[in-house]
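Undergrad: Turn this into a structure:
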Amino acid sequence: PANFAATAGNQWFERTLDDSAIRRMDMAQAFLLTDAILKLYVNITSDMVVYPKQVERYLRAELPFMSTEKILMACVEQGKSRQDMHEVIREHSVAAGLAVKEQGLENDLLTRLADDERVPFALNELEAMIGNYQEFTGRAAEQTDEFLDEVVGPMLEKYQDQLGGIDSSLKV
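TA: This is a model prediction of the structure:
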């Protein structure tokens, strides 16, 4: 990339003797590298299986950490100081994170928060706040569908006749 940037910046891609190596070597290597990356991608993702329940399990394990902003805002709505609640949530998040990472324990952040008298919510209330994990994804699902429909679909249709013979074999 530095060679291409220097050529573009200094010569505006004008043909000179000092950039012939870039044109002979780097440009060809860029195409070969792209081909190798695409082969790896196809090789890795071909016949890939996604287990939604496993994804949900891992998501639920991390969800308490991802939901701290929502919990913080709910505490503020109950009249608590944002600064104080931020510190309480931070303390418990760090402690829960260390328990998960260092001791291999389950994420007990919500229990820690519910047991703290400074937090105005019981465990069942905290769990209800994060019950629908899809609330935390924003427009990601819609944006993905739109991208697939508007960009990927038409591209696949356009090159349908070339899709049959993808060689993703790797020889290392």
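Undergrad: thinking L109 is in contact with R90, fair?
TA: No - contact between L109 and R90 fails when scored by C-beta atoms under 8 Å: they sit 11.1 Å apart. C-beta here means a position set from N, CA and C on the backbone, and glycine is covered the same way.
Undergrad: So which of those two has more stuff around it?
TA: More crowded of L109 and R90, by other C-beta atoms under 10 Å: L109, with 24 against 12.
Undergrad: Show me where this protein dips below the pLDDT cut-off.
TA: 7-23, 165, 168, 170-172 (pLDDT under 70).
Undergrad: what distance separates the helix of greatest length in it from the middle of the whole chain?
TA: Determined from DSSP state H, the single longest helix within the chain is helix 82-103. Its chain's average C-alpha position is 22 Å from that of helix 82-103, according to C-alpha atoms, centre = their mean, to the nearest Å.
Undergrad: next helix or strand past that helix?
TA: helix 109-115 (DSSP states H and E).
Undergrad: The next helix or strand after that next one - contacts with which helices or strands?
TA: Next along the chain after helix 109-115, taking DSSP H and E as the criterion, comes helix 123-129. For helix 123-129, the packing partners by 3 or more C-beta pairs under 8 Å, 6 or more residues apart in numbering; DSSP states H and E come out as helix 68-77, helix 109-115.
Undergrad: ok, and for helix 123-129, which residues are buried?
TA: By neighbour count with 16 or more other C-beta atoms under 10 Å, helix 123-129 contains the buried residues 126, 129.
Undergrad: quick one: contacts of that helix?
TA: 67, 70-71, 74, 110-111, 113-114, 121 (C-beta atoms under 8 Å, 6 or more residues apart in numbering).
Undergrad: Over to stretch 138-155?
TA: By C-beta under 8 Å, 6+ apart, stretch 138-155 touches Q134.
Undergrad: Which of the contacts of helix 123-129 ranks first by neighbour count?
TA: Of all these, the highest neighbour tally under other C-beta under 10 Å goes to L113, namely 25 neighbours.
Undergrad: OK, contacts around the nearest residue in space to it that is not next to it in sequence?
TA: The shortest distance from L113 to any non-neighbouring residue, by C-beta to C-beta, 6 or more residues apart in numbering, is to V119 (4.8 Å). V119 makes contact with 75, 85, 88, 113, according to C-beta under 8 Å, 6+ apart.
Undergrad: same deal with D84?
TA: Counting by C-beta under 8 Å, 6+ apart, D84 touches R118.
Undergrad: Please renumber the chain so that the first residue is 358 from this point on.
TA: Got it, the first residue is 358 from now on, which makes the last one we talked about D441.
Undergrad: Off-centre distance for the helix or strand harbouring E499?
TA: Here E499 is covered by helix 497-504, with elements defined by DSSP H and E. Its chain's C-alpha centre and that of helix 497-504 lie 14 Å apart, by C-alpha atoms, centre = their mean.
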